[in-house]
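In: Predicted model and sequence follow; I will ask about them next.
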Amino acid sequence: MSTTPRVVIIGAGIVGANLADELTARGWDRVTVVDQGPLPLTGGSTSHAPGLVFQTNSAKTMTEFARYTVEKFISLDVDGAWCFNQVGGLEVATTPERLAELHRRQGWDASWGIEAAVLSPAECARLHPLVDPGRILGGLHVPTDGLAKASRAVVALARRAAARGARFQGSTRVTGIEQAAGRVTGVRTSGGVIPADIVVSCAGFWGPAIGAMAGMPVPLLPLAHQFAWTGQVAELAGRNDELTEARLPILRHQDQDLYYREKGDRLGIGSYAHRPMPVELSDLPQNEISETSMPSMLPFTEEDFAGVWEQSKLLLPSLRSAKIDSGFNGIFSFTPDGSPLIGESPEVAGFWIAEAVWVTHSAGVARSVAQLLTEGRSEVDLHGCDVHRFEEVQLSKEYVRETSQQNFVEVYDILHPLQPRLAPRGLRVSPFHARQEALGAVFLEAAGWERPHWYEANAPLVSQLPPEWVPPERDPWAGQFWSPIAAAEAWRTRTAVAMYDMTPLKRLEVSGPGALDLLQRVTTGQLDKSVGSVTYTLALDEAGGIRSDLTVARLGGQLFQVGANGPLDHDYLCRQAPSDGSVEIRDITGGTCCIGLWGPRARDLVQSLTDDDFSNDGLKYFRAKRARLGGVPVTAMRLSYVGELGWEIYTAADTGQRLWDLLWAAGQDLGVIAAGRAAFNSLRLEKGYRSWGQDMTTEHNPYEAGLGFAVRKQKGAFVGSAAIAGVDDGTVRRRLSCLTIDDGRSVVLGNEPVYIDGRPAGYVTSAAFGHTVGRPIAYAWLPASAGLGTRVEIGFFGRRIPATVAAEPLVDPEMTRIRG
Ligand SMILES: Cc1cc2nc3c(=O)[nH]c(=O)nc-3n(C[C@H](O)[C@H](O)[C@H](O)COP(=O)(O)OP(=O)(O)OC[C@H]3O[C@@H](n4cnc5c(N)ncnc54)[C@H](O)[C@@H]3O)c2cc1C
């Protein structure tokens, strides 16, 4: 008899069916899939999904999900009928900006290993003869894209899972999540309780309702989206038989927020060109479910489609003699950042969700969730999809509503990587905010925080820059959300002293008799050191992948302050903490603040405000102490992300502004400035400091990432230690490498492909102009064989920019500045 856990999956849409398949493929055969609707057409989004699978995405993870969906669905059929029709994908451009964007997208495909090419209008028209080549400037062709027949794939997956022991139960509505002692024990349904050790909600846009049954906020918004079928299009008549259905590539016309697919002699048209139409679950139609009537289908609002039809006839002139035959406003999920929601409830162990997932990503998401459940780890990095990535303030209904609608509006827009959301803004500000505004801070937003990128008050410094510090002009794309003022701020940091607002960095207080043991167990560093020690360390997963990098300060025998990367670290530490109450973990970010005071004059500045000893002996590199600056109680940590002498100076939120004012006043004679993230990012890259999530993730081990120095193998067992036991710098096959750009001026932004000998060999993670070294820098994943001096090319909007693998760090490798 099987001893694998009893799993109940709520929802028999494309996600639930894929998950049942993935779990049973791994030998978990006690799987029950329940759905409120009849099987196999449940009435959820999958039941009517037109199934276009465009793989291209700026995010590696999303591309991996899509690639796996393609690979898997190609191998599926139902009684010989296809589940994936690999007709290829074509995205066309009608503006020069869009054409440039298609080149950028082709770059992502090259980065993530998807074959793609930008084609001329004539080539596009050859692939898709309905397209008027005179209307377009070119197109991005991805030959492996295509059409997923989602409802049929559900049947194929369900049959396969059922053959391995899974049960599918339709017309069974889940009304409650049963739990005991903090663990899920089953689901309550219209047909009674089904016991379970693990429950996974794959309820699509119904997710928030199921989440509420387990007390778990699910930040998604159901939105209606228009889809229509034309009647017969003369040019398509007789092309397809019933089985083939389509031969033309799936088509996107993003300049007008539209997409198209062929079906027999008709075209399907999907539109995001309308106002966002949020839907309340209580307003869903309750009719009998059929192919044309489902709870996820609202009546077609013709007035929202009028412009779409006109635009479609311009791109596809054959439509002039055709008519719209039918349409509906179909409902599916949007999230605040457009990514899926995957993870386990923090309150009810064993209750998981996998929601806000497109058909495109469904198999990939299901594989990752199955891996999480059966092995504890997904092979694909999930940090951008983890439901715990949001801050508390981002979980409010208002926030989810506003940002998800914005995502609907922007779904096909050309977005710069630094482009901040316009609303809601001002959710979180540091105690220095008023001072920053007075200095003309240009704020961008991250995790709800307002973060200065540079200060207009520093503009006069630009004309004072020594010639070697004057930055070159940027191309218009790289020049967005950037200012030469950043060069002046970097210059002052390296030559005088600057104040950086580090408040938004997540701070956790870990305390209690079990605190040291916990931190020793979950990190790679030796933390059993004297009070006052500060340690840069890594948290690994069981396979040795980097789940975070942390800066741990021991402030007392049983008291640690952990500088973390975000809410995921908080969630992880809480899950890892013993249940006996011996460890308390508090997020102290909002109640505290931090100024990074860095530069060769930092010591003069600080010492002028205190009798406490801030000399090299008084507070050594990577040591922390409590002190008073001008009477303000602070915790000072001698470390620096910019590679200069200085401290992270922490105080309570209420004394923050006072601290800022004191440092500001005392620093005037020393040339103090306030400096922002743009300078910070440049300075950190010059010093080779990695940014977790961007430069490395769970997909990389410490040695590949150049962080082997943070691993103390001899300290004994820790999470991931067994996996990296035989690994070192010499055994790795790929490396996070430092590139400098040969022409000295071309700035790239991240995610671009890197070519060696003309072939894709890796991708850029972080990039910036290095103001101190007078050259652009890019960090990139490359084969370990690409040693120092290797000549590479970076793909940037279809151009190839020559670059060279350089020794790192580029600035102060001897650490004389920082240790001075
Ligand atoms: C018009 C339209 C066009 C789209 N086009 C595409 C496209 O071209 N490409 C693409 O990739 N994606 C597309 N999507 C999105 C895609 O259809 C969805 O993201 C996807 O189908 C979601 O699958 P799912 O399994 O998560 O959800 P669903 O298919 O909605 O399944 C969730 C299931 O949960 C069940 N359920 C809910 N509550 C309960 C309960 N209390 N008890 C029991 N069961 C419950 C529901 O009945 C439902 O069957 C489109 C969506 C729409 C609306």
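Out: Cool, the structure landed.

In: what about the helices in the stretch 301-450 of the chain?
Out: For the stretch 301-450 of the chain, the helices defined by DSSP state H, counting those that start in this stretch occupy 306-315, 359-375, 397-409, 433-438.

In: Residue 160 is nearest to which of these?
Out: With Cβ to Cβ as the criterion, residue 160 lies closest to helix 359-375 of those, at 12.4 Å. No exception for glycine: its C-beta is placed from N, CA and C like everyone else's.

In: With only the CA atoms kept, save that closest one in CSV.
Out: Taking C-alpha atoms only, helix 359-375 is exported to CSV below (Å, rounded to 0.1, in the frame of the first residue of the first chain):
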residue,chain,number,x,y,z
VAL,A,359,-1.6,28.1,-19.8
THR,A,360,1.8,29.1,-21.2
HIS,A,361,3.5,28.5,-17.9
SER,A,362,1.3,25.8,-16.5
ALA,A,363,3.4,22.7,-17.0
GLY,A,364,6.6,24.5,-15.8
VAL,A,365,4.8,25.8,-12.6
ALA,A,366,3.3,22.4,-11.9
ARG,A,367,6.7,20.8,-12.3
SER,A,368,8.3,23.2,-9.8
VAL,A,369,5.4,22.8,-7.3
ALA,A,370,5.8,19.0,-7.6
GLN,A,371,9.5,19.3,-7.0
LEU,A,372,8.9,21.5,-4.0
LEU,A,373,6.5,19.0,-2.5
THR,A,374,8.4,15.8,-3.3
GLU,A,375,12.0,17.1,-3.0
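
In: Offset the numbering so it begins at 29, please.
Out: With 29 as the first residue, the last one maps to helix 387-403.

In: so for that helix, what's the average pLDDT?
Out: What helix 387-403 shows for mean pLDDT is 98.

In: In JSON lines: the helices of the stretch 329-478 of the chain, plus distance to residue 693 and mean neighbour count.
Out: Formatted as JSON lines, those follow (distance: least, Cβ to Cβ, whole Å; neighbours: other Cβ atoms under 10 Å):
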{"stretch": "helix 334-343", "distance to residue 693": "58", "mean neighbour count": "17"}
{"stretch": "helix 387-403", "distance to residue 693": "52", "mean neighbour count": "25"}
{"stretch": "helix 425-437", "distance to residue 693": "37", "mean neighbour count": "17"}
{"stretch": "helix 461-466", "distance to residue 693": "11", "mean neighbour count": "16"}
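
In: If we look just around the ligand, which residues of this structure are in range?
Out: Proximity of the chain to the ligand (Cβ under 6 Å from any ligand atom) is limited to residues 38-44, 62-65, 70-74, 77-80, 201-202, 230-232, 234, 238, 253, 255, 298, 324, 358-360, 383, 385-388.

In: Now the buried members of those residues.
Out: Those of the residues of the chain next to the ligand that meet the buried threshold are 38-44, 62-65, 70-74, 77-80, 202, 230-232, 234, 238, 253, 255, 298, 324, 358-360, 383, 385-388, by 16 or more other Cβ atoms under 10 Å.

In: Find the closest residue to the ligand in the stretch 179-328 of the chain.
Out: Relative to the ligand, the nearest point of the stretch 179-328 of the chain is residue 232 (2.5 Å; Cβ to the nearest ligand atom).

In: And the pLDDT at that residue?
Out: Residue 232 is assigned 98 on the pLDDT scale.

In: Same question for residue 312.
Out: Reading off the model, residue 312 has pLDDT 85.

In: So the residue located most distally from the centre of the chain: helix, strand or coil?
Out: The C-alpha centroid of the chain is most remote from residue 639, which lies 45.3 Å away (Cα atoms, centre = their mean). The local conformation at residue 639, judged by DSSP: H, G, I helix; E, B strand; the rest coil, is coil.

In: Contact partners for it?
Out: By Cβ atoms under 8 Å, 6 or more residues apart in numbering, no residues touch residue 639.

In: Also residue 783?
Out: Contacts of residue 783 (Cβ under 8 Å, 6+ apart): 138, 789, 820-823, 828.

In: Among the residues you listed, which one has the most neighbours?
Out: Within the contacts of residue 783, residue 822 tops the neighbour count with 25 neighbours, counted by other Cβ atoms under 10 Å.

In: so which strand or helix has that one?
Out: Residue 822 belongs to strand 819-824 when elements are defined using DSSP states H and E.

In: after that strand comes which helix or strand?
Out: strand 827-834.

In: Show me what that following strand is packed against.
Out: strand 762-769, strand 819-824 (3 or more Cβ pairs under 8 Å, 6 or more residues apart in numbering; DSSP states H and E).

In: Could you dump the ones you listed into JSON lines with mean pLDDT added?
Out: Formatted as JSON lines, those follow (pLDDT from 0 to 100):
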{"stretch": "strand 762-769", "mean pLDDT": "98"}
{"stretch": "strand 819-824", "mean pLDDT": "98"}
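
In: which stretch among those strands comes nearest residue 144?
Out: Nearest of the helices and strands packed on strand 827-834 (Cβ to Cβ): strand 819-824, 11.4 Å.

In: relative to strand 827-834, how tilted is the closest one?
Out: Inter-element angle recorded for strand 819-824 and strand 827-834: 140 degrees (by axes from the mean of the first three to the mean of the last three Cα atoms, to 10 degrees).

In: Strands of the stretch 679-828 of the chain, start to end?
Out: 700-703, 762-769, 781-784, 787-798, 803-811, 819-824, 827-834 (DSSP state E, counting those that start in this stretch).
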